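Novice: dropping a prediction and its sequence here:
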Amino acid sequence: MLRLLFLALLLLQGCSASSVFVPYPDQASAWVQPLSAGQPGQGAVKLEPLTTREDGLLYLQELARLQQLDNQLEASRATFADVFAAYEQQDAAATVQASALAAGTASLMTNDNALPYEGYAYERIMAHAYQALNYLGSGDVEGAQVELRRAALEQRVAQQRNEKRIARAEEKASEQNVDPGQFESQFAGLNAAAAEVRSAITNAWTFYLSGAVWEATGEYNSALVDYKQALQIQPDSPLLKAAATRAAAKVDGRRNRDRGTVVILHEQGLVPPKREINFPVPTIHGWFAVAFPTYQPQDMRPPEPVHVRAGDSEAADTEVLAQLNAMAARALKDRVPAMLVRQTLRATAKYQAQKTANDNFGLAGALFTQIYNLVSERADLRSWLSLPAYGMAAEVTLPAGEQSVQLSGPGGGATLTVPVRGGGVTIVRVVTAGSFMHTDVYAF
């Protein structure tokens, strides 16, 4: 145990500038604030030196997103390739199974921030969707289709992976005599925020994006399949019902060659950062106050649609297809049993360290470990904070030819000239965050 105490000293010195001791949202403000101010490139410059740190996967995701919004498509594509390589390395090493339940020595003496950042399934899926947009921006439709297939596959695989993770966590909790149910009141806010969605994984926005790309490239059967997948997730969506009906008509050879569809893909706002809460957990040595991450319902700000207007009569407001803020809460809720197990083990280890220090070094040793335990008790607040809070969409049908489309929303307004192909699909991407509005047009 003395070795653990000396290790704690080294960690306190070596990790003081990392997320082990500095909450990640405090770090992320250096690149999230420039994004909201319409300067994603400034945030990217601040991020680049950080990607080799232990939280490299998280920093890489943030960097790839900011590079894309700064129109650095080749750089973003290369960074996302590094993101996927990190995930593949993680999968091959089975770090999800190794680290998700059993805290290592470093994390037992500090907090969950000392564990490698695994990422969440919804982040991984969005990474593939964004890489697809990088390919579309470069005119590589085939590359985009590959990434969209990977996004769809990830949703299926992640669902199975998550079910196994939850089962292992519940089994471990039972072995450690940890009853997650007794802490329901402490996580009432998290549960309320997570209740807005049924799954932390299934994402109608990415399926709709995929369907639009398939439809735009004339692969109507594939488009219909993905629109129906999206509709299963959001069965009451008028937008998705209309898209599926249109794709089904095209499968049957029916399409209006005088008019085309303009699809508006809208990414609105930013996912909220996690909050830290503290409450006691029981151990064999008594009750100890520990820190946990959470979200609260007030963190889930309502969506702010973009109003789309084209011509004299065509108008629409973007509707919500994916609540990424609530998906983040749901993903965290799914990990609560495993967090409770680790925190129970951690509280026990810190108690033993304090007792050993008192036995060997007297009052000074006990005082040091008390201070260390207080300073190191930090919740893991890491998550991909430059993601949008909502994935939204709208459609308008316009005559073939060059058309003017006006956008107005929380990030300001824009007027775009959009090529419309009779019977075809043109995709307009709109990103709004704070005073920032970013637009791209993908014509096929």
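Specialist: Good, I have the coordinates. Numbers count the residues shown, from 1 in each chain.

Novice: so what's the residue positioned nearest the centre of the chain up against?
Specialist: Geometric centre of the chain, nearest residue: Glu123, 3.6 Å, by CA atoms, centre = their mean. Contact analysis of Glu123 by CB atoms under 8 Å, 6 or more residues apart in numbering lists 61, 383-384, 387. In short, each C-beta sits where N, CA and C put it, glycine included.

Novice: what's the most distant pair in the residues you listed?
Specialist: Gln61 and Ser383 (9.7 Å; CB to CB).

Novice: any buried residues in stretch 421-428, and which?
Specialist: Buried residues in stretch 421-428, defined by neighbour count with 16 or more other CB atoms under 10 Å: 421, 424-428.

Novice: select from the contacts of Glu123 the one having the most neighbours.
Specialist: Gln61 (30 neighbours; other CB atoms under 10 Å).

Novice: do you know how far that one is from Val83?
Specialist: Here the distance between Gln61 and Val83 works out to 6 Å (CB to CB, to the nearest Å).

Novice: what touches both of the two?
Specialist: Shared contacts of Gln61 and Val83, counting by CB under 8 Å, 6+ apart, come down to Ala127.

Novice: picking up where we left off before, so which of the contacts of Glu123 belong to strands?
Specialist: Applying DSSP state E to the contacts of Glu123, no entry is found in strands.

Novice: looking at the residues you listed, which one is closest to Leu190?
Specialist: Ser383 (13.3 Å).

Novice: correct me, but that closest one touches Tyr122?
Specialist: No: Ser383 sits out of contact with Tyr122 when judged by CB atoms under 8 Å, with a separation of 9.7 Å.

Novice: where are the low-confidence patches of this structure?
Specialist: By pLDDT under 70, the low-scoring segments of the chain are 1-18, 94-110, 285-286, 347-376.

Novice: let me see the ranges of the strands in it.
Specialist: Counting by DSSP E, the strands of the chain are 259-268, 275-283, 286-294, 307-310, 314-317, 319-323, 390-399, 401-409, 412-420, 425-433, 436-442.

Novice: neighbouring strands of the first one in the sheet, and parallel or not?
Specialist: Put plainly, it is strand 259-268. Using DSSP bridges, the strands paired with strand 259-268 are strand 390-399 (antiparallel), strand 425-433 (parallel).

Novice: export it as PDB, just CAs?
Specialist: Extracted in PDB, the C-alpha atoms of strand 259-268 (Å, rounded to 0.1, in the frame of the first residue of the first chain):
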ATOM      1  CA  ARG A 259     -38.900  19.000 -59.800                       C
ATOM      2  CA  GLY A 260     -36.200  17.900 -57.400                       C
ATOM      3  CA  THR A 261     -35.800  17.600 -53.600                       C
ATOM      4  CA  VAL A 262     -33.500  19.800 -51.500                       C
ATOM      5  CA  VAL A 263     -32.700  18.000 -48.300                       C
ATOM      6  CA  ILE A 264     -31.600  20.300 -45.400                       C
ATOM      7  CA  LEU A 265     -29.400  18.500 -42.900                       C
ATOM      8  CA  HIS A 266     -29.200  20.700 -39.700                       C
ATOM      9  CA  GLU A 267     -26.800  20.200 -36.800                       C
ATOM     10  CA  GLN A 268     -28.000  22.500 -34.000                       C
END
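
Novice: can you pull the contacts of the closest residue in space to Lys46 that isn't next to it in sequence?
Specialist: Nearest residue to Lys46, sequence neighbours excluded (CB to CB, 6 or more residues apart in numbering): Ala30, at 4.8 Å. Taking CB under 8 Å, 6+ apart, we find Ala30 in contact with 43, 46-47.

Novice: re earlier: which of the strands of the chain sits closest to Gln67?
Specialist: When those are compared (using CB to CB), the closest one is strand 436-442, at 12.3 Å.

Novice: pull out the buried positions in the closest one.
Specialist: 436-440, 442.

Novice: Asn162 contacts Glu118, correct?
Specialist: No: between Asn162 and Glu118 there is no contact under CB under 8 Å: 11.9 Å.

Novice: what sits against Ala158?
Specialist: Neighbours of Ala158 in contact, by CB under 8 Å, 6+ apart: 121, 124-125, 201.

Novice: wait, which of those is closest to Pro280?
Specialist: For these, the nearest to Pro280 is Ala121 (30.9 Å; CB to CB).

Novice: distance of the closest residue to the closest one other than its chain neighbours from Val20?
Specialist: Nearest-residue entry for Ala121: Ala158, 3.7 Å, with adjacent residues in sequence omitted and distances by CB to CB, 6+ apart. Separation of Ala158 from Val20 (CB to CB) stands at 27 Å.
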